[in-house]
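>>> sequence first, predicted coordinates after that:
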Amino acid sequence: MSDAASTTTFRPTRAIVTGAESGIGKATAVALAAAGMDVGITYLSEPERAEETAAEVRQAGRQAFVEQIDVTQLDRAGAVIDRLVAQLGGVDVIVADAGTGDNAPFLDITLEQWRHTVATDLDGAFVTVQAAARHMVRQGTGGRIIGITSVHEHQPRYGSSAYDAAKHGLGGLLKTIAIELAEHGITANAVAPGEIATRMTGAEDEDPHTISRPGVPLGRPGNAWEIAAAVAFLASPASSYITGVSLPVDGGMLQMGPHGGSHITSDDWRSA
């Protein structure tokens, strides 16, 4: 590995965040701007919310560029990343945050639901990350690839077969990227959130400290800024020797498997 592509000399100034119109994606875009990066922002269907994210990036003194993307349109999604790279003048960091989830028991989930979730959470991440990674390799100055997975990358949830499969797959993809692109000074890691107070969990704009979660050691959900802080660290020079890792940011949720299992007293969990 040449010194030009060393992870220890990496200094990021240009980032792309997919799904940045709200929640974790929005918080991540703003956190990366605060860390000194111009940000390419993608959104699915709410341009006004994407522009709100862009305004916060600009308030931090950085440039923001906004593009619409449907990551399930696999023949088009890569070109959107290419356009953002052109506007940014290159790319040092990509955060694959665009995601969804169709909840239904395994025996009931339709092929259409399965394909929608897997196409968004896994196929779309593959296409967008690959497009950005190709630019990083050509630049020869290293890079950071970060995927937003889930605690369900590590542990399953009843009624979430498609989501669980996609997040397990994304975690495996990132580990493979980590070993393949290391010679180019590019690291690849996942951040695996637990329950986060966002629109996806029905708690957008709620203070997670007001929500009780007795089964989580810290006793509450997280907020999007706590996930963004972890992403910003993995995108920074300080993470130069970390690659192929999945970092749970879950208030200790994953530690509760055996303990929670032995203390569940009803079959209420057997519902999607």
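Alright, I've got the coordinates.
>>> what mean pLDDT does stretch 50-68 get?
Stretch 50-68 comes out with an average pLDDT of 98.
>>> same question, stretch 245-263
92.
>>> ends of that stretch, what's the gap?
30 Å (Cα to Cα, to the nearest Å).
>>> low pLDDT regions in this structure?
1-5, 199-205, 272 (pLDDT under 70).
>>> at 80 what do you get?
1-8, 198-206, 271-272 (pLDDT under 80).
>>> which residues of it fall in helices?
Ranges of helices in the chain, per DSSP state H, are 23-34, 47-59, 77-88, 111-118, 124-139, 161-181, 224-234, 257-263.
>>> need the winner for burial among the ones you listed.
Highest mean neighbour count among these (mean count of other Cβ atoms under 10 Å): helix 23-34, with a mean of 27. Every residue, glycine included, has its C-beta placed from N, CA and C.
>>> what would the helices of the chain look like in a markdown table with distance to V95?
Compiled in a markdown table, those are given as follows (distance: least, Cβ to Cβ, whole Å):
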| stretch | distance to V95 |
| --- | --- |
| helix 23-34 | 5 |
| helix 47-59 | 13 |
| helix 77-88 | 12 |
| helix 111-118 | 20 |
| helix 124-139 | 9 |
| helix 161-181 | 12 |
| helix 224-234 | 6 |
| helix 257-263 | 28 |
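>>> for N189, which of these is the nearest?
Smallest distance to N189 across the helices of the chain (Cβ to Cβ): 5.0 Å, for helix 224-234.
>>> the closest one vs helix 23-34, what angle?
Between helix 224-234 and helix 23-34, the angle comes out at 50 degrees (axes from the mean of the first three to the mean of the last three Cα atoms, to 10 degrees).
>>> and the closest residue to Q63 other than its chain neighbours, how many residues sit next to it?
Sequence neighbours aside, D38 is the residue nearest to Q63 in space, at 4.0 Å (criterion: Cβ to Cβ, 6 or more residues apart in numbering). Using other Cβ atoms under 10 Å, D38 is surrounded by 24 other residues.
>>> please shift the residue numbers so they start at 32 in all later answers.
Okay, using 32 as the starting number, the last item reads as D69.
>>> what sits against Y189?
136, 300-303 (Cβ atoms under 8 Å, 6 or more residues apart in numbering).
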